[in-house]
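In: dropping the sequence and predicted coords here.
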Amino acid sequence: MPQRPHRFDVLAGALATGLLASPAASAQTLAPAAILPLQCSGDGLVSLTAISPRPLLELRYASPYNFMGEVLYDQPLAQLRCPVALALQQVQQDLAREGLGLKIWDAYRPLSVQERMWQKIRDPRYVSDPSVNAGRHTRGTAVDVTLVDRKGKALVMPSDFDDFTAAAHVGSPMATSEQATHARRLQEAMERRGFVVFPTEWWHFDWKDWMSLPPVR
């Protein structure tokens with residue numbers, strides 16, 4: 001089993017000026033609140049920093065703190081197809097009314113990165129085989145998220161990101177009552193706006209019409 005990445009959740013106040021100085025925070029940012037909500041059309045990729053309220057970003061694959069143990073993205077960019085980003089914005093707005101928000105771990109993923117991940121894991125429960133359907137992140141239609149409070153502190157969940165064990169499975173009996181409650185809260189918020197949770201990864205959500213869009217080339 002790959003080594004689990006380190007946890008490095010921090011308060012949003014410590015992130016307000018951008019990237020933190022610590023090595024683990026090379027891809028973790030909290031953008032200032034967007035004034036106007038995202039408006040877009042078509043199915044091109046759009047930046048999730050345009051979502052209002054803006055989510056916290058902790059892009060693990062833009063740092064070495066991931067199951068691959070290496071930096072996979074040249075830049076810490078979080079992007080989704082326009083209709084998917086609009087749906088995620090609705091989730092963020094819903095959560096904001098409850099004093100909560102999203103932290104994004106991954107969104108659009110280049111096909112070349114998907115192929116590298118598959119070569120390491122080769123387990124479709126956790127990494128899609130790009131030769132079968134080219135993946136879902138590669139289409140800009142999947143997003144990996146967790147919940148944070150109004151200060152940016154992560155809520156406790158059944159496992160860390162990219163935990164390739166039964167602890168990460170939806171409805172895992174290994175979760176505490178508090179962890180299970182938070183995971184269900186996230187799932188309900190995402191499903192309300194048209195996302196579907198991946199059975200073996202409580203953090204992974206696919207847009208309901210993901211198969212209608214091809215991989216981004």
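Out: It's in. Everything numeric here is computed off the predicted structure, so don't read it as measured data. Numbering: from 1, shown residues only.

In: confidence score at the closest residue to Arg136 other than its chain neighbours?
Out: Ranked by CB to CB, 6 or more residues apart in numbering and with sequence neighbours excluded, the top spatial neighbour of Arg136 is Ala142, at 3.9 Å. Just so you know, the C-beta spots here come from the backbone N, C-alpha and C atoms, and that holds for glycine as well. As predicted, Ala142 sits at a pLDDT of 98.

In: any low-confidence regions in this structure?
Out: 1-35 (pLDDT under 70).

In: about what we covered before: quick one: contacts for the residue nearest to Arg136?
Out: Ala107, Gly135, Arg136, His204, Phe205, Asp206, Trp207, Trp210 (CB atoms under 8 Å, 6 or more residues apart in numbering).

In: I'd assumed the fifth one was in a strand, is it?
Out: Put plainly, it is Phe205. Yes: the assignment for Phe205 is a strand, going by DSSP: H, G, I helix; E, B strand; the rest coil.

In: show me what it is bridged to.
Out: Val143, Val197 (DSSP bridges).

In: let me see the contact set for the spatially most central residue of the chain.
Out: For the chain, Asp144 is the residue whose C-alpha lies nearest the centre (CA atoms, centre = their mean; 2.2 Å). By CB under 8 Å, 6+ apart, Asp144 lies in contact with Ile104, Trp105, Asp106, Ala107, Phe161, Glu201, Trp203, His204, Phe205.

In: run a quick neighbour tally on the last one.
Out: So that's Phe205. When neighbours are counted by other CB atoms under 10 Å, Phe205 registers 29.

In: now the strands for this protein?
Out: Using DSSP state E, the strands of the chain run over 28-30, 45-47, 56-58, 79-81, 100-106, 142-149, 195-198, 201-207.

In: which stretch among those comes nearest Pro124?
Out: With distances scored as CB to CB, the stretch of these nearest to Pro124 is strand 195-198 (10.7 Å).

In: output the contacting helices and strands for the closest one.
Out: helix 82-96, helix 177-192, strand 201-207 (3 or more CB pairs under 8 Å, 6 or more residues apart in numbering; DSSP states H and E).

In: the same query, at a cut-off of 7 Å, please.
Out: Judged by 3 or more CB pairs under 7 Å, 6 or more residues apart in numbering; DSSP states H and E, the packing partners of strand 195-198 are strand 201-207.

In: which other helices and strands does the strand it packs on contact?
Out: Checked by 3+ CB pairs under 7 Å, 6+ apart, strand 201-207 has strand 142-149, strand 195-198 packed alongside it.

In: the same query, at a cut-off of 8 Å, please.
Out: Counting contacts by 3+ CB pairs under 8 Å, 6+ apart, strand 201-207 packs against helix 82-96, strand 142-149, helix 177-192, strand 195-198.

In: between those, which one is closest to Leu59.
Out: strand 142-149 (9.6 Å).

In: so for that closest one, what gets flagged as buried?
Out: The neighbour-count check on strand 142-149 (16 or more other CB atoms under 10 Å) flags Ala142, Val143, Asp144, Val145, Thr146, Leu147, Val148 as buried.

In: if anything else comes up later, I'll come back, but that's it for now.
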